[in-house]
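In: For reference, the sequence and a predicted model appear below.
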Amino acid sequence: MAAMAASSLPLPPLSPSHRIPTESLHHQNPPPSNFQPSQFDIQNSGHQNQQNVTIKTPTIRSRLSQLCREGRPEIARLIFDTIPRPSTVLWNTIIIGYICNGMPDEALLFYTRMKTQSDVRCDFYTYSSVLKACAETRQLNFGKAVHCHILRSHLNPSRIVSNSLLNMYSNCLTMDKIGSSFQYDLVKKLFDTMRKRNVVAWNTMISWYVKTKRPVEAVKQVKAMMKIGVKPTVVSFINVFPAISDLKTLKIANVFYGLLVKMGSDYHGDLFAVSSAIFMYCELASIDVARKIFDYSVNRNIEIWNTLINGYVQSYFPFQGLALFVEALESDQIIVDDVTFLSALSAVSQLQRFDIGQQLHAYIIKKSTPLSTLILNAVIVMYSRCNSVGTSFEVFNKMPERDTVSWNTMISALVQNGLDDEGLMLVYEMIKQGFKIDSVTVTVLLSAASNLRNDKLGKQSHGYIFRNGIQFEGMNSYLIDMYAKSGLIKNAQVLFEKSCTHEKDEATWNAMIAGYTQNGLNEQACNVFRQMVNQNLVPNAVTLASLLPACSPMGNVSFGKQLHGFAFHHSLDQNVFVSTALVDMYSKSGSINYAENVFLNANEKNSVTYTNMILGYGQHGMGMKSLSLFHSMKENGIKPDAITLVAVLSACSYAGLVNEGLDIFNSMERDYKIQPVTEHYACVADMFGRVGRVMEAYGFIKELGVEGDYLGIWGSLFAACKLHGDFELAKVVAKKLTSMEEKEMMGYRVLLSNLYAEEGKWASVDRMRKEMRDKGFRKDVGCSWIELGGMVHCFVSRDRKHFQLENIYEMLEILAMDMKDGG
């Protein structure tokens with residue numbers, strides 16, 4: 001937008017035969033990338049008195065201008081070098097010629113030669129041209145040097161030069177160079193010192209405020225401009241519309257767009273203005289208004305089509321976006337470009353429709369051969385989002401040229417689809433082929449390390465970041481997440497605590513809260529949440545979804561209700577991740593009615609939401625409700641996944657619905673295209689065992705063969721044998737279990753020891769317990785808790801640590817005496 005502020009490169013006045021109307025010079029539409037041919041056909045009457053009338057300077061200059069117009073500035077430069085004492089206007093011609101041909105660096109070098117190798121004085125046109133070259137190349141120091149040259153020339157800067165200075169500084173300065181406090185805003189200071197400001201200067205300031213994320217100041221600038229009688233141009237509106245988008249205020253948008261319409265058809269019919277207005281309303285989630293502007297526009301270029309198509313996609317209306325894309329294809333007035341295809345590919349990615357993706361890919365190949373790397377990268381993303389990462393790799397493997405984005409895109413696709421090891425192999429190949437790892441690659445590496453729980457890989461990635469000085473947004477949150485998921489919660493904690501307060505954004509706090517929760521450190525998670533609130537940071541949906549799972553293990557349902565209340569008051573309870581976490585929290589806390597209410601009132605539900613509710617019903621013995629909810633998923637267009645099947649099979653097991661559970665198990669591959677795994681087999685074995693059909697469970701497990709050699713499957717059968725008193729089968733199962741030397745065997749060894757004790761086989765009991773001691777097995781201590789007055793009290797067997805220890809044991813003795821007295 002900043003480039004729109006300056007209408008064009010300032011030029012010397014024209015001769016009468018070539019003079020352009022004044023109003024066309026001040027037209028504020030965004031400038032084309034190259035200057036108009038007339039910009040080379042100018043005469044500098046101010047310098048004619050310095051030239052001998054016998055020298056045909058205008059003829060030489062016209063020839064130089066023509067060569068630059070034809071895209072041959074090098075030849076113009078060669079002719080220039082043959083002129084003994086070229087005038088200022090000829091120097092300016094070559095400088096402008098370089099700029100118009102996209103060679104700003106050469107223009108700066110030529111200016112340097114002009115200053116050092118000639119005695120010709122620069123004029124305002126020289127300075128304004130060179131400042132434009134500085135703006136295009138973002139060379140702030142060079143621009144400052146030119147500014148010094150202007151001051152030393154003792155020329156009072158003209159309005160054109162002042163505007164060029166504003167444009168240069170606004171393009172070259174960045175947030176890190178002026179500071180977030182804006183105490184020394186050089187652009188504003190320069191603007192304030194200008195004695196005469198035209199609309200170009202005001203537009204530059206509006207653009208500057210937008211660039212530096214100060215939307216309120218940008219809107220105020222327009223108001224101030226109009227207040228003193230400066231009429232806004234089309235560029236004024238184009239520049240301020242993004243500021244209004246950032247303000248998220250539809251009322252202000254309507255006021256400014258209404259003003260644009262009021263200014264006449266030259267304003268609201270301008271193609272750039274139409275595109276900017278559509279973009280603004282899309283950003284404000286008023287897609288219907290954006291569509292009306294599109295429909296009422298008389299002329300539409302491809303940029304307008306692309307803006308609305310992309311607006312639909314960014315607003316998560318992929319069907320509408322694709323429908324408009326088809327309209328664009330059928331239109332005779334425009335030709336779609338790569339930007340159009342990119343938006344269409346994004347729409348297909350959202351829909352996750354592989355069939356539509358294939359059709360679109362085929363059409364792009366047919367219409368755009370060869371395909372650009374940018375398009376192929378988007379195709380890779382599209383196929384990976386459609387759960388066809390294999391097709392993504394085929395596209396990647398056949399790419400004639402790959403850039404770093406191509407490698408990162410493919411690596412990300414592999415990691416996001418659970419192929420972490422393959423992603424790591426591709427990183428190795430990327431390095432082998434000479435591509436440098438950047439912040440995106442490191443982000444994917446950290447994600448892979450988190451998924452694999454590979455602390456070694458995570459540490460290596462962290463070391464690479466440190467050695468190469470890589471910085472990127474959200475880096476600390478990725479590192480904390482990686483260390484927490486790798487079980488190195490202390491490392492995550494140290495990294496979190498060493499971060500400065502101003503460096504801790506919401507993502508960093510959320511990562512630490514989630515890390516504590518995932519590692520079972522629920523009290524610490526709550527403490528970090530309290531610290532976050534004390535820092536005046538407002539928790540978001542991710543915060544709540546990360547913290548709610550910590551409530552049920554602590555038995556702290558009241559705290560969970562407080563979080564629910566916070567979510568309700570901040571309109572976060574309808575977020576699908578928050579509502580899903582609330583269902584899970586209430587179900588596990590025994591408040592199934594609360595869980596059901598949250599589920600029924602949720603506007604958006606995904607497969608995880610259904611899974612949590614199905615599991616909650618099952619754990620509370622409501623098997624029929626679980627089945628009913630499971631079957632309703634298909635009616636609501638929600639596809640169950642493997643975990644949903646585990647939940648509904650578990651529900652059938654809890655409720656004794658064996659036949660219903662077997663029907664679902666047998667339909668997994670046929671109806672849902674889901675291959676059963678050990679968790680599903682364990683549910684079926686448990687389903688038989690709970691109702692006493694232990695021999696059927698044993699037969700089912702034996703038929704599984706190698707797939708049945710899983711501790712959880714045999715363990716559930718063993719528990720069923722003990723429950724239903726089938727000691728003979730229990731011994732057979734126990735022999736199988738004892739052959740599985742795993743850490744989790746401890747619980748089953750205890751059960752087997754108890755089984756022998758019930759039969760009075762004390763020698764076997766002693767043998768089992770001696771084996772456990774010799775192998776270092778130790779049973780995890782059970783824990784019970786109760787919440788009183790907002791405080792959770794935890795108890796374990798033979799606990800001597802509670803602060804009310806004496807009172808508790810005194811009450812236990814009283815209760816024991818009462819029980820004896822009562823028989």
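Out: Okay, I see it. Nothing here was measured: the structure is a model prediction, and the numbers come from that model.

In: Mind jotting down where the helices sit in the stretch 101-250 of the chain?
Out: 104-117, 124-137, 140-152, 159-172, 175-178, 186-193, 199-211, 215-227, 234-247, 250-262 (DSSP state H, counting those that start in this stretch).

In: helices and strands of this structure: which one has the lowest mean pLDDT?
Out: For the chain, using mean pLDDT, DSSP states H and E, the weakest element among its helices and strands is helix 22-25, scoring a mean of 33.

In: I'd like the next helix or strand past that one.
Out: Downstream of helix 22-25, the first helix or strand assigned by DSSP states H and E is helix 57-69.

In: what is the mean pLDDT for whatever helix or strand comes next after that following helix?
Out: Next along the chain after helix 57-69, taking DSSP H and E as the criterion, comes helix 73-81. Averaged across helix 73-81, the pLDDT comes to 92.

In: Likewise for stretch 468-484?
Out: 87.

In: Same question for stretch 661-680.
Out: 90.

In: Only C-alpha atoms, please: export that stretch in PDB.
Out: The C-alpha trace of stretch 661-680 is given here as PDB (Å, rounded to 0.1, in the frame of the first residue of the first chain):
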ATOM      1  CA  GLY A 661     -21.000 -54.700  20.100                       C
ATOM      2  CA  LEU A 662     -20.200 -57.700  17.900                       C
ATOM      3  CA  ASP A 663     -22.300 -56.300  15.100                       C
ATOM      4  CA  ILE A 664     -20.400 -53.000  15.200                       C
ATOM      5  CA  PHE A 665     -17.000 -54.900  15.400                       C
ATOM      6  CA  ASN A 666     -17.900 -57.000  12.400                       C
ATOM      7  CA  SER A 667     -18.900 -53.900  10.400                       C
ATOM      8  CA  MET A 668     -15.700 -52.000  11.000                       C
ATOM      9  CA  GLU A 669     -14.000 -52.900   7.700                       C
ATOM     10  CA  ARG A 670     -17.200 -53.200   5.700                       C
ATOM     11  CA  ASP A 671     -18.900 -49.900   6.600                       C
ATOM     12  CA  TYR A 672     -16.200 -47.700   8.000                       C
ATOM     13  CA  LYS A 673     -13.100 -48.900   6.200                       C
ATOM     14  CA  ILE A 674     -11.300 -49.200   9.500                       C
ATOM     15  CA  GLN A 675      -8.900 -52.100  10.200                       C
ATOM     16  CA  PRO A 676      -9.300 -53.400  13.800                       C
ATOM     17  CA  VAL A 677      -6.200 -53.100  16.000                       C
ATOM     18  CA  THR A 678      -5.300 -54.400  19.400                       C
ATOM     19  CA  GLU A 679      -7.600 -51.900  21.300                       C
ATOM     20  CA  HIS A 680     -10.600 -53.100  19.400                       C
END
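
In: Buried ones in that stretch, by neighbour count?
Out: Neighbour counts over stretch 661-680 (16 or more other Cβ atoms under 10 Å) mark G661, L662, I664, F665, M668, Y672, I674, P676, E679, H680 as buried. Where C-beta positions appear, they are placed from N, C-alpha and C, glycine not excepted.

In: Which ones among these map onto helices?
Out: Cross-referencing the buried residues of stretch 661-680 against helices under DSSP state H gives G661, L662, I664, F665, M668, Y672, E679, H680.

In: The third one: what's its closest spatial neighbour, skipping adjacent residues?
Out: The spatially closest residue to I664, leaving aside those adjacent along the chain, is V648, at 6.0 Å (Cβ to Cβ, 6 or more residues apart in numbering).

In: Look up which helix or strand that neighbour falls in, please.
Out: V648 belongs to helix 642-655 when elements are defined using DSSP H and E.

In: Keeping just the C-alphas, turn that helix into CSV.
Out: Written as CSV, here are the backbone C-alpha positions of helix 642-655 (Å, rounded to 0.1, in the frame of the first residue of the first chain):
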residue,chain,number,x,y,z
ALA,A,642,-10.8,-45.8,15.1
ILE,A,643,-11.0,-44.2,18.5
THR,A,644,-14.8,-43.7,18.2
LEU,A,645,-15.1,-47.4,17.5
VAL,A,646,-13.1,-48.2,20.7
ALA,A,647,-15.4,-45.9,22.6
VAL,A,648,-18.7,-47.5,21.4
LEU,A,649,-17.3,-51.0,21.9
SER,A,650,-16.2,-50.1,25.4
ALA,A,651,-19.7,-48.8,26.0
CYS,A,652,-21.2,-52.1,24.8
SER,A,653,-18.8,-53.9,27.1
TYR,A,654,-19.8,-51.8,30.2
ALA,A,655,-23.5,-52.3,29.5
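
In: Packing partners of it?
Out: Here helix 642-655 is seen to pack against helix 607-619, helix 623-635, helix 658-666, helix 678-690 when contacts are counted using 3 or more Cβ pairs under 8 Å, 6 or more residues apart in numbering; DSSP states H and E.

In: Distance to V494 added to the ones you listed, as JSON lines?
Out: Formatted as JSON lines, the helices and strands packed on helix 642-655 follow (distance: least, Cβ to Cβ, whole Å):
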{"stretch": "helix 607-619", "distance to V494": "32"}
{"stretch": "helix 623-635", "distance to V494": "44"}
{"stretch": "helix 658-666", "distance to V494": "47"}
{"stretch": "helix 678-690", "distance to V494": "36"}
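
In: So for Y483, which of those sits nearest?
Out: helix 607-619 (25.3 Å; Cβ to Cβ).

In: Tell me how far the closest one lies from the chain's centre.
Out: For helix 607-619, the distance from its own C-alpha centre to the chain's C-alpha centre is 28 Å (Cα atoms, centre = their mean, to the nearest Å).

In: Just want the angle from that helix to helix 642-655.
Out: 10 degrees (axes from the mean of the first three to the mean of the last three Cα atoms, to 10 degrees).

In: quick check: angle from the helix holding V648 to helix 678-690?
Out: 10 degrees.

In: mind listing what's buried in helix 642-655?
Out: Quick answer for helix 642-655 (16+ other Cβ under 10 Å): 642, 644-655.

In: Put together JSON lines for these, with pLDDT and distance to A285 on each row.
Out: What follows is those, written out as JSON lines (pLDDT from 0 to 100; distance: Cβ to Cβ, whole Å):
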{"residue": "A642", "pLDDT": "93", "distance to A285": "35"}
{"residue": "T644", "pLDDT": "94", "distance to A285": "32"}
{"residue": "L645", "pLDDT": "94", "distance to A285": "37"}
{"residue": "V646", "pLDDT": "94", "distance to A285": "38"}
{"residue": "A647", "pLDDT": "94", "distance to A285": "35"}
{"residue": "V648", "pLDDT": "94", "distance to A285": "37"}
{"residue": "L649", "pLDDT": "94", "distance to A285": "41"}
{"residue": "S650", "pLDDT": "92", "distance to A285": "41"}
{"residue": "A651", "pLDDT": "93", "distance to A285": "39"}
{"residue": "C652", "pLDDT": "93", "distance to A285": "43"}
{"residue": "S653", "pLDDT": "91", "distance to A285": "45"}
{"residue": "Y654", "pLDDT": "89", "distance to A285": "44"}
{"residue": "A655", "pLDDT": "90", "distance to A285": "44"}
